[in-house]
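**Student:** starting from these lines, generate the structure:
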Amino acid sequence: MSSKYKGIIFSLGSDKTLRNRPGGAHRIATELRDQGWDIEVVDFAYMWGFRDLRKLLKRRMDKNLKWIGFSQLYTGWSPEVEKFCAFIKTKYPDIVTVLGSMMYETTGSNFIDYYVKGYGERSIIALLKYLFSNGKKPNIVGVDGNQVLLSEGDCKSTPWKDPLIKYEDRDFIQPWEWLSVEFSRGCKFACAFCNFPELGVKGDYTRDASSFEYQMKDTYDRYGVSRYIVSDETFNDTVQKITKFADAVENLDFDPFFSGFVRADLLVSRPQEREEMLRMNMLGHFYGIESFNQETGRAVGKGMNPDKLKEGLLDTKKYFLNHGTGRYRATISLIAGLPYEPNESLDRTEQWMLDNWEDQGFMYFPLEIPSPSVNQSSKLTLEYKKYGYEIMDVDEIYSQAHLGLKTRSDLLPWKNEHTNYQEVQTRVDRFANSVHTNYFKLGNFPLSTVAHNMDDLTIDELLELPNSSENYSNAFHNKEMEFVHSYIQKKINYL
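**Tutor:** Predicted coordinates for the structure are as follows:
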């Protein structure tokens, strides 16, 4: 593929506030540069205005620019970005537009030529070869008028032994940022509510330790970065995996801090994991507990005895706070509305959190059951009746309109014997607004948000902040926008 060809990937980021830079766009860019493409990544695109997006594109436009990509994680689609896409198709109709996402169905764009869902390295390579180098046509299917490239067969990008991310000077990385790192792909579990693209994996899906070590040294030596968000669906799927990367971390000449998804029942069952995580500095844990109701846990694939799990969580917290540097931040995540859980069970869980977890983080979500998708669909989506759910009719939805809640076309408006989607939305919002801010500390992911606004704080100082620190909205928003504005100007003026 000719090195004269160029592409730009706009990484949308969050629509509400800055967090860490998602790694997907930079991962794809790294791979395509090895294929001979000149790829520039534009971060935080959700927070750019249309005028600045247009100004940057005009500066980059030449005959070698062949395609423009958009990288979307879980956020929706921005009106400003849609306006920008309309501008591209009107002003530069030959430019190909591509969107890569886990949730492309929520986009609703009229100006995207191709969608890539899931791990996309081989998919985007195949698509660009087909479009610009006479390659064979990959597996593109039509879905609701969209051209969707499925990441399967020759385009399947799992496992991937070298998911290296190489940043460039034009990325303007700052030393206090939280960057993404990937240790393995896929998840060996298959929870009923999960619609991630690679579930039930078997064998070793971990990356090469040398690739990981290179990435750590590169980002620290060039930018001074030492904080990372782990993108693995389950970091602690095997003890051997943790040991492998703990050994690599001990070869580094700095102390990183890793935060990611940790399966709590495995950690409780295998206490030896704690020592290995301590060696590795995997000290930020996001526990997807979902429910402390045992029947509910069994139904969705997490059936440890709730009393054993609670005791193990408290023992784990004590261990990390009393060993090593004492750095530890664990966020418990719960889902309201899962199968077979009555409201009284949720009441007890909320009280246990208030009594036992106020020195750590907490996140609470209403159950969302996505509509069937062309790619991976969860068990709840495919068999919701089996789990005791029905679909609300129009009259039932309308009768709760006074709650101010709206249904989404990409989600099923479910109900069961205990509650419905709109009621659990109300419950979660009520609990979050009444007690969350005052009782819990910053969760794992909000730590990276605060870092953009308190860029002079060490990791120890960040961990001591109260949860209310995230809610200094005016001051935080002003500083975030200062950072974004500075980044935008640097990107536009970069030659």
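**Student:** all contacts plus neighbour counts: C-alpha atoms, from now on.
**Tutor:** Fine.
**Student:** list the contacts of the residue most central in space within the chain.
**Tutor:** Taking CA atoms, centre = their mean, the centroid of the chain lies closest to Leu73, which sits 5.9 Å from it. Going by CA atoms under 8 Å, 6 or more residues apart in numbering, Leu73 touches 12-13, 22, 101-103.
**Student:** show me the two of these that sit farthest apart.
**Tutor:** Greatest spacing in the contacts of Leu73, by CA to CA: Pro22 and Met103 (14.8 Å).
**Student:** figure out the helix or strand that Trp267 lives in.
**Tutor:** Small correction: residue 267 is Leu, not Trp. Take DSSP states H and E as the rule and Leu267 turns out to sit in helix 264-269.
**Student:** quick one: the strands in the stretch 351-495 of the chain, in order.
**Tutor:** Secondary structure of the stretch 351-495 of the chain by DSSP state E, counting those that start in this stretch: the strands cover 361-366, 390-391, 414-415.
**Student:** got these as a markdown table, with mean pLDDT and distance to Tyr287 columns?
**Tutor:** Shown next, in a markdown table, are the strands of the stretch 351-495 of the chain (pLDDT from 0 to 100; distance: least, CA to CA, whole Å):
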| stretch | mean pLDDT | distance to Tyr287 |
| --- | --- | --- |
| strand 361-366 | 92 | 9 |
| strand 390-391 | 92 | 29 |
| strand 414-415 | 92 | 25 |
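**Student:** dump those strands to a markdown table, plus mean neighbour count.
**Tutor:** A markdown table is the format used below for the strands of the stretch 351-495 of the chain (neighbours: other CA atoms under 10 Å):
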| stretch | mean neighbour count |
| --- | --- |
| strand 361-366 | 21 |
| strand 390-391 | 16 |
| strand 414-415 | 20 |
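**Student:** on that earlier part again, who's more crowded, Pro22 and Met103?
**Tutor:** Pro22 (23 against 20; other CA atoms under 10 Å).
**Student:** grab the longest helix from this structure for me.
**Tutor:** helix 473-493 (DSSP state H).
**Student:** what lies in contact with that one?
**Tutor:** Under CA under 8 Å, 6+ apart, the answer for helix 473-493 is 17-18, 42, 44, 47-48, 52, 55-56, 59, 170-172, 452-453, 470.
**Student:** those, buried ones only, as a ChimeraX selection?
**Tutor:** To isolate the buried ones among these in ChimeraX, judged by 16 or more other CA atoms under 10 Å, type:
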select :17,18,42,44,47,48,52,56,452,453,470
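**Student:** in helices only, show me the contacts of helix 473-493.
**Tutor:** Those of the contacts of helix 473-493 lying in helices (DSSP H): 52, 55-56, 59, 452-453.
**Student:** with pLDDT and distance to Lys318 added, can I get those residues in CSV?
**Tutor:** Below are these laid out as CSV (pLDDT from 0 to 100; distance: CA to CA, whole Å):
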residue, pLDDT, distance to Lys318
Asp52, 96, 49
Lys55, 97, 53
Leu56, 97, 50
Arg59, 96, 55
His452, 78, 29
Asn453, 78, 30
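**Student:** which of these lies closest to Lys4?
**Tutor:** For the ones in helices among the contacts of helix 473-493, the nearest to Lys4 is Arg59 (16.8 Å; CA to CA).
**Student:** ok, and the closest non-adjacent residue to that closest one?
**Tutor:** Excluding the flanking residues, the one nearest Arg59 by CA to CA, 6 or more residues apart in numbering is Ile492, at 7.4 Å.
**Student:** which of the residues in whichever helix or strand comes after the helix holding Leu267 are buried?
**Tutor:** The first helix or strand that comes after helix 264-269 along the chain, using DSSP H and E, is helix 272-280. Neighbour counts over helix 272-280 (16+ other CA under 10 Å) mark 273-280 as buried.
**Student:** sorry, back to before: just flag the most distant two among the ones in helices among the contacts of helix 473-493.
**Tutor:** Among the ones in helices among the contacts of helix 473-493, Arg59 and Asn453 lie farthest apart (CA to CA), at 30.0 Å.
**Student:** hey, where'd the helices end up in the stretch 1-150 of the chain?
**Tutor:** 24-34, 50-60, 79-91, 121-132 (DSSP state H, counting those that start in this stretch).
**Student:** can you tell which of the ones you listed is closest to Leu465?
**Tutor:** Comparing the helices of the stretch 1-150 of the chain under CA to CA, the one sitting nearest is helix 24-34, at 29.3 Å.
**Student:** mind listing what Arg60 touches?
**Tutor:** Contacts of Arg60 by CA under 8 Å, 6+ apart: none found.
**Student:** okay, it: pLDDT?
**Tutor:** The score at Arg60 is 96. That number is its pLDDT.
**Student:** any idea how far the closest residue to Met280 other than its chain neighbours is from Thr349?
**Tutor:** Excluding the flanking residues, the one nearest Met280 by CA to CA, 6+ apart is Ala246, at 4.1 Å. From Ala246 over to Thr349 the distance is 34 Å, taken as CA to CA, to the nearest Å.
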